[in-house]
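Asker: starting from these lines, generate the structure:
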Amino acid sequence: MHLSMHNWMRAEPLDVTIARLAKYGYESIEIGGEPKRYNTKEVRKLLNDHGIRCWGAVTLMFEGLHLPSPDQAVREHTVQYVKDCITMVKEMDGYLVTIVPGTVGKVNPDSTPEEEWANAVAGMKEIDAWSKREGVRIAVEPINRFETYFVSRANQALALAEATSAECGICLDAFHINMEEVDPYAAIRSAKGRLLDFHVADTNRFACGLGHWDWLKVVGALKTIGYDGALTVEFVAPVDRTPANPYPTMVETDLSKLDISEEQKKFIIDHGSSFLTEQFYSDQVRICAETLLPLIK
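Answerer: This is a model prediction of the structure:
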């Protein structure tokens, strides 16, 4: 196993992100799913200059991206978006794309379970064929019921992966399985042979080590199934807007320092967070590394 991290949680120049990861002992990065934003040749050079590799990308399922949709135009747009993410990863010499099938924040269905399942499977099959052509793996990621109604547990992700192809995998996230699984360690074990990625944040979605996950036990469960991929950090620190906030300097008030689109801004705020200061964010990155690296090396 090795330590990786997403970059979608903080809107900043990519060279700043990559330099920070190198400083704290991370080996790779998962790029946010924004194919139109990145010059892949420039990103590859940045990664090589810092000794960091691209592990992959994660889909950012903004409004209008929804594989189960009854609207053919929405489905086609979603499939093309994921294909573009896959091609981006290929051009960055990455390994996989993790796919959240539905719009993040959408908790009400548009059609029958049967129609939505058929739509999602059809879309995933088309994406799967493209991933094989590009030489990039894909993995279905379940997220909690308050962010999606469609795929929220490991067994649901496994069912969609199995309906897609023998090669399609799944990605589990420690924050989400803590909420959704009766036994999260059993959920990890159930993914043997299909688990391609594992996202990490603590039970409160702060840095690993600041909640009540037993990280030694989590890593142990991953080792028992032979998982040897990334532990990909994805903390989204919840912002306390009351006088009880123990981190009064955590929120960046000068948004001119950030390279942020309106879609990204909404996405981060909808995740219950805000824009974190450089010091607070860097501390979270460091704490994750200090918690996890001794367990995987």
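Asker: and residue 108, how many neighbours?
Answerer: Residue 108 is flanked by 5 other residues according to other CB atoms under 10 Å. All C-beta atoms are positioned from the backbone trio N, CA, C, and that covers glycine.
Asker: and it, what is it in contact with?
Answerer: Each residue near residue 108 by CB atoms under 8 Å, 6 or more residues apart in numbering is listed here: residue 149.
Asker: cool, residue 292 as well?
Answerer: Residue 292 neighbours (CB under 8 Å, 6+ apart): 3, 200, 208, 215, 219, 231.
Asker: gap between it and residue 222?
Answerer: 11 Å (CB to CB, to the nearest Å).
Asker: leaving out sequence neighbours, find the closest residue to residue 178.
Answerer: Nearest non-adjacent residue to residue 178, counting by CB to CB, 6 or more residues apart in numbering: residue 203, 5.0 Å away.
Asker: residue 51 - how many residues pack around it?
Answerer: Neighbours of residue 51 (other CB under 10 Å): 10.
Asker: related to what we said a few turns ago, and the furthest pair within the contacts of residue 292?
Answerer: Largest separation among these by CB to CB: 3 and 215, giving 12.1 Å.
Asker: Three-state assignment for residue 231, please.
Answerer: What DSSP: H, G, I helix; E, B strand; the rest coil gives for residue 231 is strand.
Asker: list the contacts of it.
Answerer: Listed by CB under 8 Å, 6+ apart, the contact set of residue 231 reads 1, 2, 3, 4, 198, 200, 219, 292, 296.
Asker: quick check, pLDDT for residue 141.
Answerer: You'll see residue 141 listed with a pLDDT of 98.
Asker: what do you get for the one 10 residues further on?
Answerer: At residue 151, the pLDDT value in this model is 97.
Asker: so what does it look like in phi/psi?
Answerer: Here is the backbone geometry of residue 151 (degrees, to the nearest 10): phi -130, psi 110.
Asker: next: residue 145.
Answerer: Dihedral pair for residue 145: phi -60, psi -20, per degrees, to the nearest 10.
Asker: follow-up on the earlier one: and of the contacts of residue 292, the nearest to residue 131?
Answerer: Closest to residue 131, out of all of the contacts of residue 292 and judged by CB to CB, is residue 231, at 22.5 Å.
Asker: tell me the helix or strand right after the worst-scoring helix or strand of the chain on mean pLDDT.
Answerer: Within the chain, no helix or strand scores below helix 262-270, which has a mean of 69 by mean pLDDT, DSSP states H and E. Sequence-wise, the next helix or strand downstream of helix 262-270 (DSSP states H and E) is helix 278-296.
Asker: and that next one, what's buried?
Answerer: 281, 282, 284, 285, 287, 288, 289, 291, 292, 295 (16 or more other CB atoms under 10 Å).
Asker: average pLDDT across that helix?
Answerer: Taken as a whole, helix 278-296 has an average pLDDT of 96.
Asker: now do the contacts for the residue nearest the centre of the chain.
Answerer: Nearest residue to the geometric centre of the chain (CA atoms, centre = their mean): residue 58, 4.8 Å. Residue 58 is in contact with 6, 8, 30, 32, 33, 97, 98, 100, 141, counting by CB under 8 Å, 6+ apart.
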